[in-house]
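Engineer: With the sequence up front, the predicted model follows.
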Amino acid sequence: MEDKVLAEILAAHANQLRENQRRGGDYLAMFPNYQEKLKPLLETAERIKEVLEPVEPAPAFCQSLHEDLLAAGRRKLAKVVPQLARSHRKQILIGAALGSAVSVAGAIAYFIRSRATAKAQSASPAYR
């Protein structure tokens with residue numbers, strides 16, 4: 001539990017450092033039970049923030065990364081699609097067979113019904 005609390009405090013402190021706010025003392029006052037472990041960690045984070053300089057990646061790097069990620073995504077998708085087709089092949093064949101059977105049954109029912117209707121019409125007297 002203590003590690004989770006420390007991690008949350010450090011994450012909040014890091015967010016404040018990112019926004020150029022220094023409030024390490026506030027956290028020490030809010031959490032006096034953690035002061036012994038927390039103080040050196042907050043001080044280290046503040047010193048690191050002072051030393052670090054913002055870095056902007058080159059546009060060529062961004063473009064190359066974009067293309068590499070798209071290519072990796074396409075390769076992964078190309079591997080997944082055939083596997084899906086293979087794993088569902090049996091279900092697809094069963095579905096197609098059932099669809100065909102229903103179509104044939106419908107055609108037979110229509111044929112029987114139309115013959116029965118034709119016989120009934122030929123057997124009934126014609127009114128003119």
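Structural biologist: Structure received.
Engineer: what residue ranges in the protein score low on pLDDT?
Structural biologist: Low-confidence segments of the chain, defined by pLDDT under 70, are located at 1, 22, 81-87, 123-128.
Engineer: And the strands in it?
Structural biologist: Using DSSP state E, the chain contains no strands.
Engineer: Which residue ranges make up the domains of it?
Structural biologist: Under the assignment named as automatic domain parsing, the residue ranges that make up the domains of the chain are 2-51, 89-122.
Engineer: Now tabulate the ones you listed in TSV and tack on distance to residue 60 and mean neighbour count.
Structural biologist: Using the backbone N, CA and C atoms, a C-beta is placed for each residue, glycine as well. TSV is the format used below for the domains of the chain (distance: least, Cβ to Cβ, whole Å; neighbours: other Cβ atoms under 10 Å):
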stretch	distance to residue 60	mean neighbour count
domain 2-51	27	13
domain 89-122	44	10
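Engineer: mind putting the ones you listed in JSON lines, distance to residue 69 included?
Structural biologist: As requested, the domains of the chain are exported to JSON lines (distance: least, Cβ to Cβ, whole Å):
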{"stretch": "domain 2-51", "distance to residue 69": "25"}
{"stretch": "domain 89-122", "distance to residue 69": "31"}
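Engineer: quick one: residue 46 from residue 20, how far?
Structural biologist: Plainly put, residue 46 is 11 Å away from residue 20 if you go by Cβ to Cβ, to the nearest Å.
Engineer: swap that for residue 90, sorry
Structural biologist: 61 Å.
Engineer: biggest helix in this structure by residues?
Structural biologist: Under DSSP state H, the helix in the chain containing the largest number of residues is helix 89-123.
Engineer: ok now that helix, how far from the chain's centre?
Structural biologist: With Cα atoms, centre = their mean, to the nearest Å as the basis, helix 89-123 stands 43 Å off its chain's centre.
Engineer: And for stretch 63-83?
Structural biologist: Averaging C-alpha coordinates over stretch 63-83 and over its chain gives two centres that are 15 Å apart (Cα atoms, centre = their mean).
Engineer: And it, what's buried?
Structural biologist: Along stretch 63-83, no position meets the burial threshold by neighbour count (16 or more other Cβ atoms under 10 Å).
Engineer: Touching that stretch from outside, list them.
Structural biologist: By Cβ atoms under 8 Å, 6 or more residues apart in numbering, no surrounding residue is in contact with stretch 63-83.
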